[in-house]
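only geometry, no sequence info:
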Ligand SMILES: Cc1cc2nc3c(=O)[nH]c(=O)nc-3n(C[C@H](O)[C@H](O)[C@H](O)COP(=O)(O)O)c2cc1C
């Protein structure tokens with residue numbers, strides 16, 4: 001796997017020791033007031049010690065939120081930055097690099113979650129349009145997404161919320177930031193004409209619907225003093241959290257967005273292929289939103305990012321095997337691969353790739369992802385590394 005294990009530099013500033021990235025994973029274990037503790041220090045630094053090129057931390061909310069994951073981290077004040085500093089220091093001591101994933105759920109929050117009531121926060125979205133579906137295990141009756149939404153008055157206020165959070169992340173020692181702009185969360189709500197019915201400069205045309213994400217990227221770049229420290233995670237074919245759009249809208253929106261991100265010289269664009277039928281589960285797309293057979297957003301949009309002289313690296317994720325990723329990197333179609341689930345059960349992803357040892361798989365069931373657990377270390381820090389024969 002010579003290609004995947006070759007070093008690469010983001011922009012001309014941030015060298016990575018290989019092209020394998022640990023994808024962002026919510027694990028719902030920040031039980032100390034939404035802050036990481038010793039379990040997270042061990043989890044991330046173990047993976048850095050085993051040589052991963054870059055870690056993206058679990059989605060971290062830039063504002064108080066009532067979502068389905070009560071023990072997700074937030075980055076709102078200095079106490080959160082201090083807690084994350086222990087994680088970033090430990091990762092750096094192991095020679096690793098770590099980006100902060102900035103997350104705002106928008107209409108995928110729920111006004112009845114205890115934390116929303118306690119903090120007196122509204123559910124914000126581009127427009128007052130309820131998302132279809134949704135489940136909130138911790139609210140009696142397990143309701144779907146809420147109708148009680150406030151349309152954001154001035155999107156620049158929310159951009160300021162992100163900027164403040166990412167400033168704290170920089171203080172906490174993160175090397176960069178991944179903006180979560182998929183999954184039906186706030187930036188993707190602005191991109192999507194079904195969720196965004198605004199009549200101001202943030203709604204309507206493709207250019208207007210992309211404006212929020214692009215202004216966010218500008219704000220986050222200014223915090224790090226360079227766009228190279230910014231990664232944007234997008235999923236053009238997404239279906240999660242009522243994010244689906246027609247093929248024509250998808251093509252138009254993401255062609256414009258990706259070109260504008262590359263023109264801004266962001267360090268990485270991370271494309272997810274969830275929702276396309278290339279993904280192993282053969283996505284169940286909602287009726288009325290078909291894709292051409294075999295459509296792959298990474299191969300379709302990839303050339304907009306990856307061309308001679310491009311300032312931006314192309315990363316991809318969703319159900320890749322090591323072999324497929326290595327081939328794509330060798331063929332010059334990808335720069336970086338992000339594996340997520342593999343890192344749950346394999347702290348030693350890199351040495352397994354190096355020695356041709358297959359990844360261990362989750363044989364403990366779905367509780368592994370988000371719990372319940374007796375201690376945060378359970379199903380989190382108890383996966384063994386493979387024994388390497390001398
Ligand atoms: C338990 C779990 C939690 C996840 N949490 C996040 C998250 O917080 N932010 C995010 O962008 N993606 C999240 N994802 C998606 C992964 O980052 C990744 O895009 C997806 O799992 C596909 O990669 P894989 O096939 O290598 O697992 C999560 C995935 C899993 C399995």
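Right, received. Where do you want to start? All of these numbers come straight from a predicted model, not from anything done at the bench.

packing partners for the host helix or strand of residue 300?
Assigned by DSSP states H and E, residue 300 belongs to helix 297-305. Secondary-structure packing of helix 297-305 (3 or more Cβ pairs under 8 Å, 6 or more residues apart in numbering; DSSP states H and E): helix 247-263, strand 268-272, strand 313-317. (Glycine included, C-beta is placed from N, CA and C.)

Could you check how far the closest residue to the ligand within the stretch 1-150 of the chain is from residue 170?
Closest contact between the stretch 1-150 of the chain and the ligand, by Cβ to the nearest ligand atom, is at residue 59 (2.9 Å). Distance from residue 59 to residue 170, counting by Cβ to Cβ, to the nearest Å: 18 Å.

what's the answer for residue 323, then?
Applying Cβ to Cβ, the value for residue 323 to residue 170 is 37 Å.

Please identify which of these two sits among more neighbours.
residue 170 (18 against 10; other Cβ atoms under 10 Å).

if I've got this straight, that one is in a strand?
No: under DSSP: H, G, I helix; E, B strand; the rest coil, residue 170 falls outside any strand and is assigned helix.

Name the residues of the strand or helix carrying residue 80 that are buried.
If you go by DSSP H and E, residue 80 is part of helix 78-93. Buried residues in helix 78-93, counted by 16 or more other Cβ atoms under 10 Å: 80-81, 83-84, 86-88, 90-91.

Identify the bridge partners of residue 61.
Here residue 61 shows beta-bridge partners residue 74, residue 103, assigned using DSSP bridges.

Confirm for me that residue 362 is in contact with residue 341.
Yes: assessed by Cβ atoms under 8 Å, residue 362 is found in contact with residue 341 at 7.3 Å.

Near residue 7, how many other residues are there?
Around residue 7 there are 10 residues (other Cβ under 10 Å).

And for the one 3 residues further on?
Using other Cβ under 10 Å, the number of residues around residue 10 comes to 26.

Now for it: which residues touch it?
Going by Cβ atoms under 8 Å, 6 or more residues apart in numbering, residue 10 touches 16, 176, 228-229, 267-268, 313.

confidence score at the residue nearest to the residue of the stretch 1-150 of the chain closest to the ligand when sequence neighbours are not counted?
Distances taken as Cβ to Cβ, 6 or more residues apart in numbering put residue 103 closest to residue 59, at 3.9 Å, once the chain neighbours are dropped. Here the pLDDT value assigned to residue 103 is 98.

so who does residue 103 touch?
59-62, 72, 180, 185.

any weak-confidence spans in this protein?
For the chain, the stretches flagged by pLDDT under 70 are 1-2, 279-281, 390.

how about the residues of it near the ligand?
For the chain, the residues in contact with the ligand (Cβ under 6 Å from any ligand atom) are 23-26, 58-59, 101, 180, 233, 272, 317-319, 339-342, 369.

how many neighbours does residue 212 have?
Neighbourhood size, residue 212 [other Cβ under 10 Å]: 27.

Repeat that for the one 4 residues further on.
The number of residues packed around residue 216, counting by other Cβ under 10 Å, is 25.

For the strand or helix carrying it, which residues meet the burial criterion?
Secondary structure assignment for residue 216, by DSSP H and E: helix 206-224. Buried residues in helix 206-224, counted by 16+ other Cβ under 10 Å: 206, 208-217, 219-221, 223-224.

okay, the helices and strands packed on helix 297-305, which one's buried deepest?
strand 268-272 (a mean of 27; mean count of other Cβ atoms under 10 Å).

Which other helices and strands does that one contact?
If you count contacts as 3+ Cβ pairs under 8 Å, 6+ apart, strand 268-272 packs onto strand 230-234, helix 247-263, helix 297-305, strand 313-317, strand 336-339.

Let's see that with 7 Å instead.
strand 230-234, helix 297-305, strand 313-317 (3 or more Cβ pairs under 7 Å, 6 or more residues apart in numbering; DSSP states H and E).

Show residues contacting it.
Strand 268-272 is contacted by residues 10, 178, 182, 231-235, 258, 261, 297-298, 301, 305, 312-318, 336, 338 when judged by Cβ atoms under 7 Å, 6 or more residues apart in numbering.

just to revisit the earlier point, just curious, which of the buried residues of helix 206-224 is nearest to residue 352?
Of all the buried residues of helix 206-224, residue 352 sits closest to residue 224, with 32.2 Å by Cβ to Cβ.

which residues touch that closest one?
170, 176, 230.

how about the spatially closest residue to the last one that is not a sequence neighbour, secondary structure?
So that's residue 230. Nearest in space to residue 230, with sequence neighbours left out and distances taken as Cβ to Cβ, 6+ apart, is residue 266 at 4.6 Å. Per three-state DSSP, the secondary structure class of residue 266 is coil.

tell me, how many neighbours does residue 266 end up with?
Burial of residue 266 is recorded as 28 neighbouring residues (other Cβ under 10 Å).

Ramachandran coordinates for it?
For residue 266, the backbone dihedrals (degrees, to the nearest 10) come out as phi -60, psi 150.

State the distance from the nearest residue to residue 19 once chain neighbours are set aside to the ligand.
Using Cβ to Cβ, 6+ apart and skipping residues adjacent in sequence, the residue nearest residue 19 is residue 336, 4.8 Å away. When distance is defined by Cβ to the nearest ligand atom, to the nearest Å, residue 336 is 13 Å away from the ligand.

Thank you, goodbye.
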